[in-house]
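J.: Return atomic coordinates for the entry below.
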Amino acid sequence: MKLFSKNESKPYFFLLGITLLLVIFGLVMVASASSVDSLRQTDSAYNVFARQGIYALIGLGLMFVISRLPVSLIRALAPTAFFATVGLQLATVIFGEDINGNRNWLALGPITLQPSEFLKLGLILATAAIIANNYQNRTQIRPWVVPIVFLAISLLLVAGFGRDVGTGIVIAVLGVGMFVLGGMRWPQLLTLVSAGSVFAIAAIMTSSSRSARFQAWLFPDGADPMGVRWQYEHGTWALAAGGLFGSGLGKSKLKWSWIPEVENDFIFAIIGEELGMIGAFGVIALFIALAVTFMVMVHKNQDPFQMLVIGGVMTWIIMQAFINISVVLGALPVLGVPLPLISAGGSSLIATLGAIGIVLALERHRHAQQQSSKKLVRK
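T.: So this is what the prediction gives:
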């Protein structure tokens, strides 16, 4: 099998290149950010990095295999992907483990799986397939009922039973993003968003830990008996300490047990401390380039299913990056959302690379069809 053929377009190579850059950069930063905690817990400074490297190899291999799949197969498997990932997420309700207050993990021998990361992709595929099948009737209410039910089930399992509000917000945002791309009418969309907002507020107010996080964010000078501002405050110190050029790769001081989840949710703080404002803006620039590449693919694609899948993956990755960076900057409360392709975590990395593999497959298909059409015109 050839690594590349004439079916790959410029956007294909842009997406592949940016993805590889982010993964490699992420491995470097995970090695730096996790070294202290890893040494303390396992007597090896590179234990977390080695594990993340294995996840990266698995994810990249999966991405390449998926990028070669025919679009017809991807579309045919869309419902199966959703129900399979819903089944895994449902298993967390019964057999799941609690980690940092969230019950969204399955223990599988020596590894732990976070099904909600794969549920995002299953939801995107199923929603795209349903909307595409009813694309001519998208101005009516009936075609949107099943996608809304699928979104509600996902949110109930992840944010309700699993108590993972951060991932729930990402799922809600990607769902709404796909509804906008699919052509849902604004009155219906505003009604859906309003109803979702009411449930979100209720979920926050009925949980002491969630309420404490939001109160600490809204009233930063108020009392903080649960110490929820600790992570954000020390993350801010790390960013401030980096200045313009940073303290140097591997020279962070705040990673010495001052920031919880430093290689996961708050890795952007270490990027800012060690690589400075230039490094932080460089990461943001890569995500902007990723967003532009996705948008070009969406614009070029005329097939509703393919356009919606690409748009859904774009919304997921870019909005999750926006939420993660905003949390570190203090613009949002601490939500426990990883930085895509960079933060440590096997489920997040493998699921994201799998999603990008699907986008690459769709772009190869579109470009191949375009090339075939040009040949026919010439004849």
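J.: pLDDT averaged over the helix or strand where Q188 lies - what is it?
T.: Using DSSP states H and E, Q188 sits within helix 186-205. Across helix 186-205, pLDDT averages out at 85.
J.: now stretch 89-105
T.: The model assigns stretch 89-105 a mean pLDDT of 83.
J.: Now do it: everything it contacts.
T.: Contact partners of stretch 89-105, identified using CB atoms under 8 Å, 6 or more residues apart in numbering, comprise 106-107, 112-116, 119, 154, 157-158, 161-164, 167, 209, 261, 336. Using the backbone N, CA and C atoms, a C-beta is placed for each residue, glycine as well.
J.: Now do it: distance to the chain's middle.
T.: 19 Å (CA atoms, centre = their mean, to the nearest Å).
J.: Over to stretch 140-147?
T.: 26 Å.
J.: mind listing the helices in the stretch 101-250 of the chain by residue range?
T.: 115-133, 145-155, 165-182, 186-205, 208-218, 229-242 (DSSP state H, counting those that start in this stretch).
J.: which other residues reach the last one?
T.: It refers to helix 229-242. Contacts for helix 229-242 (CB under 8 Å, 6+ apart): 216-217, 220, 247, 252-255, 258-261, 266, 268-270, 272-277, 279-280, 327-330, 334.
J.: can we see that at 6 Å?
T.: Counting by CB atoms under 6 Å, 6 or more residues apart in numbering, helix 229-242 makes contact with 216, 254, 258-260, 266, 269, 272-273, 276, 328, 330, 334, all of which sit outside it.
J.: Next: the third one.
T.: The contact list for helix 165-182, computed with CB under 6 Å, 6+ apart, reads 116, 127, 131, 151, 154-155, 158-159, 189, 196, 210, 308, 311-312, 315-316, 319-320, 335-337.
J.: Can you tell me which of these are buried?
T.: Among these, those scoring as buried are 116, 127, 131, 151, 154-155, 158-159, 196, 210, 308, 311-312, 315-316, 319-320, 335-337 (criterion: 16 or more other CB atoms under 10 Å).
J.: Now for this structure, the helix or strand with the poorest mean pLDDT.
T.: helix 208-218 (a mean of 75; mean pLDDT, DSSP states H and E).
J.: From the contact counts, what lies against that one?
T.: helix 186-205 (3 or more CB pairs under 6 Å, 6 or more residues apart in numbering; DSSP states H and E).
J.: Which other helices and strands does the helix it packs on contact?
T.: Right, helix 186-205 is packed against helix 208-218 by 3+ CB pairs under 6 Å, 6+ apart.
J.: report the angle between the axes of the helix it packs on and helix 165-182?
T.: 70 degrees (axes from the mean of the first three to the mean of the last three CA atoms, to 10 degrees).
J.: Flag every buried residue along helix 208-218.
T.: Buried residues in helix 208-218 (16+ other CB under 10 Å): R210, A212, R213, F214, Q215, A216, W217.
J.: deepest of the helices of the stretch 101-250 of the chain, which one?
T.: Of those, the one with the most neighbours on average (mean count of other CB atoms under 10 Å) is helix 115-133, at a mean of 24.
J.: before we move on, the earlier item: now, which of the buried residues of helix 208-218 sits nearest Y46?
T.: Nearest to Y46 among these is R213, at 32.4 Å by CB to CB.
J.: so that closest one makes contact with P333?
T.: Yes. Look at R213 against P333 with CB atoms under 6 Å: they come within range, at 4.7 Å.
J.: remind me which residues of the stretch 101-250 of the chain are low pLDDT?
T.: 101, 207-208, 222-228 (pLDDT under 70).
J.: tell me the contacts of the residue most central in space within the chain?
T.: By CA atoms, centre = their mean, the chain has its centre lying nearest to I317, at 4.3 Å. By CB under 6 Å, 6+ apart, I317 lies in contact with P340.
J.: Apply 8 Å and report the result again.
T.: F287, L290, F294, P340, L341, T352, A355, I356.
J.: so how far is the helix or strand where the second one lies off the chain centroid?
T.: Going back to what we said before, that points to L290. Using DSSP H and E, L290 sits within helix 267-300. Relative to the chain's own centre, helix 267-300 is displaced by 14 Å; criterion: CA atoms, centre = their mean.
J.: The helix or strand that that helix is followed by to helix 267-300, inter-axis angle?
T.: As assigned by DSSP H and E, the chain's next helix or strand after helix 267-300 is helix 304-329. Relative orientation of helix 304-329 versus helix 267-300 (the same axes, to 10 degrees): 160 degrees.
J.: got the angle between the helix or strand following helix 304-329 and helix 115-133?
T.: Downstream of helix 304-329, the next assigned helix or strand under DSSP H and E is helix 346-378. Between helix 346-378 and helix 115-133, the angle comes out at 30 degrees (the same axes, to 10 degrees).
J.: I am finished for the moment; much appreciated.
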